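In: Whatever this is, show me its structure:
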Amino acid sequence: MESIGVLMTCPMNAYLEQELDKRFNLYKFWQFPQRTQFLTEHCNSIRAVVGNASVGADATLIDALPKLEIVSSFSVGLDKIDLKKCKEKGIRVTNTPDVLTEDVADLAIGLIIAVLRRLCECDRYIRSGKWKIGNYKLTTKFSGKSVGIIGLGRIGLAIAKRAEAFNCPISYYSRTKKEDSKYKYYSNLLELASNSDILIISCALTKETRLIVNREVIDALGPKGVLINIGRGSHVDEPELVSALVEGRLGGAGLDVFKNEPEVPQELFALENDVLVPHIGRGTVKTHKEMAGLVLGNLESHFSNKPLLTPVVYYNINSVLPFLFCLFTRVVESSSFLHIRSSSTFNSISSETLNFQPMESIGVLMTCPMNAYLEQELDKRFNLYKFWQFPQRTQFLTEHCNSIRAVVGNASAGADATLIDALPKLEIVSSFSVGLDKIDLKKCKEKGIRVTNTPDVLTEDVADLAIGLIIAVLRRLCECDRYIRSGKWKIGNYKLTTKFSGKSVGIIGLGRIGLAIAKRAEAFNCPISYHSRTKKEDSKYKYYSNLLELASNSDILIIACALTKETHHIVNREVIDALGPKGVLINIGRGSHVDEPELVAALVEGRLGGAGLDVFENEPEVPQELFALENVVLVPHIGSGTVETRKEMADLVLGNLESHFSNKPLLTPVV
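Out: This next block holds a predicted model:
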């Protein structure tokens, strides 16, 4: 078909451009600055136009091409094509649906986690060296948050499926109710916003949906709400969004699209509560190749008189434009749209429910600063000693050893043999963590000292973070955010990234957290396998008794096991090399699970594809070689670091202490 003229409106994809040049007589519109002259000379040669979401085929172009038969768009969106004009002239139109659905849905979830858990800000925090000065502040939980979706088409449904795996209630707004949908429908957008923690724009851009998210909607979402836009920049009243974020009337935003791309409002650059990425929704290598294949297939089918692969049906254009949203014509009482926000899931052990009685005479030693609420409550209820306030620790222990009956530790400072032996009246060690590697369990058993930890309550946060780190690494969210803030988008588009959905996920350790990660990854259509000391007979996932085999058969390897002598440096050079140059390592366990020098070397040399790291071997020291890399995301041990979860963990610590000293069963006994 080399004689058929095809006009490509702008640079889109190198593979598509090469293939069009091989198969057709390709004209690259951007190479002709004198466009009027070009069209006059070549108008009778061009029978097809290939456009995209940025440059399509408007009425002027269509009228200038009398032989035009087909417009094949390298996108799903059709707002840059004059469909009415195409219908009048009998010009066929195609697009690329479905193939980009997974990528855009993945990005939506990635942006939610990145905003709520402050992934990009945390990454900047580590790279700037601030972690050495102090821990990053607490962030916000994702699991259980109410998610509202504007537009429940292919992408909206894919987002809903993923969000369900995070235990999120789903509701939606669209032109009409989807009778086959199980999700709650709102016919009024303000009601949806008022009843959502997270609002996602996932509808087509039409005259009716332009500026659909205005000040009223933003204010209904409110100061704890988060807006995610993976639709079009013009869906949002951008000045109102900017002012709401700056003034704190909106809690946060994850934005893939902007009104005047690549121009981005500079007021957003100074904020911590936004994540900005340069229109990368479908920007993965695999998806772009599939989209190019559809464009080529549609053109060849048309010129071979075969059925089109993805025809756009526009015969009754006024009735089929998706999502014709109603205009708001009445003044809404603010009291009618109260926010319904998720509450703590652990009320059953809150201080109010347990009705704690003060025990001021009982000495409790807190090993290090952990959580302000926990510290305040311990100080109210017990005789609290703050170990970090006593530089002469040996002298302190000599003076107070007979007063201390409990130790509260965490994953950094627990209770070793020396401390235990120094406290003859010690009865219980209550850990503000799941991990127990900082507590000498053998010594506690010998002395009859009870031990508790805080399982389950942090499971969701850590599992959420694992998925967030995967998406952030594969889709380069933090690097993209830096790309925009540095002004580089004005120079050129960001490179293609890597798809998450469908990747094989291997998990080291299939306990509570490992299972929670697996549940979430399944929603992204990922095959799951695992390695543990023994096979879990009740598990549906594939078991590998050999870790090297698991790594060799995984695209993504996640460390989610306890730290023991056996799991110290369980991920060594052999495992890293088995995972390979396209593999990604995620560590939400402990830094010492990994041979860190080998990990750094593999990343620098390209023997490992990427890493998402929440933990490090010598925290807060982080290998500086990692700071220059784009394929790593570094966060400062924030696995359980949300306000909601830390409150629940603190209540468990308090509950275990109160239960012990009231001679009641412990809530979460270990020893």
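In: Run through the protein and note the low-pLDDT ranges.
Out: Residue ranges of the chain with pLDDT under 70: 314-358.
In: My read is that Lys443 contacts Ala417, right?
Out: Yes: if you go by C-beta atoms under 8 Å, Lys443 and Ala417 touch, sitting 4.7 Å apart. Quick note: C-beta positions are derived from backbone N, CA and C, even for glycine.
In: more neighbours, those two?
Out: Lys443 (17 against 13; other C-beta atoms under 10 Å).
In: wait, what's in contact with the more buried one?
Out: 417, 420-421, 449 (C-beta atoms under 8 Å, 6 or more residues apart in numbering).
In: Just the buried ones from those residues?
Out: By neighbour count, with 16 or more other C-beta atoms under 10 Å, the contacts of Lys443 hold 420, 449 as buried.
In: Okay, and which of the contacts of Lys443 map to strands?
Out: Judged by DSSP state E, strands contain none of those.
In: what comes up buried for stretch 378-397?
Out: 378, 381-385, 387, 396-397.
In: Verify the stated contact: Asp456 with Leu515.
Out: No: if you go by C-beta under 8 Å, Asp456 and Leu515 don't touch, sitting 11.4 Å apart.
In: still on that earlier bit, go through the contacts of Lys443 and name the one nearest Pro623.
Out: Ala417 (30.6 Å; C-beta to C-beta).
In: is it true that that closest one touches Lys438?
Out: No: with contact defined as C-beta under 8 Å, Ala417 does not reach Lys438; the gap is 11.7 Å.
In: Which secondary structure element is home to the residue nearest in space to the middle of the chain?
Out: By C-alpha atoms, centre = their mean, the mean C-alpha position of the chain lies nearest to Gly110, the distance being 2.4 Å. Element membership of Gly110, judged by DSSP states H and E, is helix 101-116.
In: Could you pull out the helices in the stretch 551-671 of the chain for me?
Out: 573-579, 596-605, 643-661 (DSSP state H, counting those that start in this stretch).
In: highest average neighbour count across these?
Out: Most buried of these by mean neighbour count (mean count of other C-beta atoms under 10 Å) is helix 643-661; its value is a mean of 24.
In: Partner strands of the host helix or strand of Arg47 and their direction?
Out: Secondary structure assigned from DSSP H and E places Arg47 in strand 46-51. For strand 46-51, the paired strands and their directions (DSSP bridges) read strand 5-8 (parallel), strand 70-73 (parallel).
In: now, of the ones you listed, which is deepest in the fold?
Out: strand 70-73 (a mean of 26).
In: could you point out which element follows that one?
Out: helix 83-89.
In: how far does stretch 653-671 stretch from start to finish?
Out: Stretch 653-671 has its terminal residues 15 Å apart, counting by C-alpha to C-alpha, to the nearest Å.
In: Next, find the distance separating the closest residue to Ser412 other than its chain neighbours from Ile558.
Out: Take Ser412 and drop its neighbours on the chain: the residue closest to it by C-beta to C-beta, 6 or more residues apart in numbering is Cys368, 6.3 Å away. Going from Cys368 to Ile558 by C-beta to C-beta, to the nearest Å gives 28 Å.
In: Please identify which of those two sits among more neighbours.
Out: The residue with more neighbours, out of Cys368 and Ile558, is Ile558; 30 against 14, by other C-beta under 10 Å.
In: Could you count how many residues lie near the nearest residue to that one once chain neighbours are set aside?
Out: In space, and not counting its chain neighbours, Ile558 is closest to Ile586: 4.5 Å by C-beta to C-beta, 6+ apart. Burial of Ile586 is recorded as 27 neighbouring residues (other C-beta under 10 Å).
In: quick one: Ile586 and Arg282, what's the gap?
Out: The value you get for Ile586 to Arg282, if C-beta to C-beta is used, is 24 Å.
In: ok, back up a step: for the residue nearest to Ser412, which three-state class applies?
Out: Following DSSP: H, G, I helix; E, B strand; the rest coil, Cys368 is assigned to coil.
In: tell me the contacts of it?
Out: Neighbours of Cys368 in contact, by C-beta under 8 Å, 6+ apart: 387-388, 409-410, 412-413.
In: Was I right to think Leu652 contacts Thr668?
Out: Yes: counting by C-beta under 8 Å, Leu652 does reach Thr668; the two are 6.1 Å apart.
In: Give me the common contacts of the two.
Out: Common neighbours of Leu652 and Thr668 (C-beta under 8 Å, 6+ apart) are 452, 454.
In: three-state assignment of Val242?
Out: helix.
In: Pick out whichever of the contacts of Cys368 sits closest to Leu563.
Out: Ser412 (12.5 Å).
In: Just give the number of residues close to that closest one.
Out: Counted with other C-beta under 10 Å, Ser412 comes out at 16.
In: That one and Ile439 touch, don't they?
Out: No: the criterion here is C-beta under 8 Å, and Ser412 misses it with Ile439 at 11.7 Å.
In: quick one, phi psi at Ser430?
Out: Note on Ser430: backbone dihedrals following degrees, to the nearest 10 are phi -110, psi 110.
In: Ile528 too?
Out: The phi/psi pair for Ile528 (degrees, to the nearest 10) is phi -110, psi 140.
In: My guess is it contacts Tyr541. True?
Out: Yes: using C-beta under 8 Å, Ile528 is in contact with Tyr541, at 4.5 Å.
In: which neighbours do these two share?
Out: 507, 518.
In: of those two, who's got more company?
Out: Using other C-beta under 10 Å, the more surrounded residue of Ile528 and Tyr541 is Ile528, with 22 against 18.
In: Spit out the contact partners of the more buried one.
Out: So Ile528 contacts 505-507, 518, 521-522, 541-542 (C-beta under 8 Å, 6+ apart).
In: Please pick the buried ones from those.
Out: Buried among these by 16+ other C-beta under 10 Å: 505-507, 518, 521-522, 541.
In: So which of those sit within helices?
Out: 518, 521-522 (DSSP state H).
In: possible to save the residues you listed as JSON lines with distance to Gly156?
Out: Formatted as JSON lines, these follow (distance: C-beta to C-beta, whole Å):
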{"residue": "Ala518", "distance to Gly156": "25"}
{"residue": "Ala521", "distance to Gly156": "21"}
{"residue": "Glu522", "distance to Gly156": "20"}
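In: So what would you say the end-to-end distance of stretch 406-423 is?
Out: 9 Å.
In: Run through who's touching it.
Out: In contact with stretch 406-423 (C-beta under 8 Å, 6+ apart) are residues 362-368, 370, 374, 378, 382, 387, 397, 401, 404, 426-440, 443-444, 447, 449, 590, 619, 653, 657, 660-661.
In: check contacts around the nearest residue to Ile81 once chain neighbours are set aside.
Out: Nearest non-adjacent residue to Ile81, counting by C-beta to C-beta, 6+ apart: Gly56, 4.2 Å away. Gly56 sits next to 9, 49, 71, 73, 78-81 when contact means C-beta under 8 Å, 6+ apart.
In: Whichever of those end up buried, select them in PyMOL.
Out: Here is the PyMOL selection string for the buried members of the contacts of Gly56, based on 16+ other C-beta under 10 Å:
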select buried, resi 9+49+71+73+78+79+80+81
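In: Looking at the contacts of Gly56, spot the one nearest Gln31.
Out: Using C-beta to C-beta, those come closest to Gln31 at Thr9, 11.5 Å.
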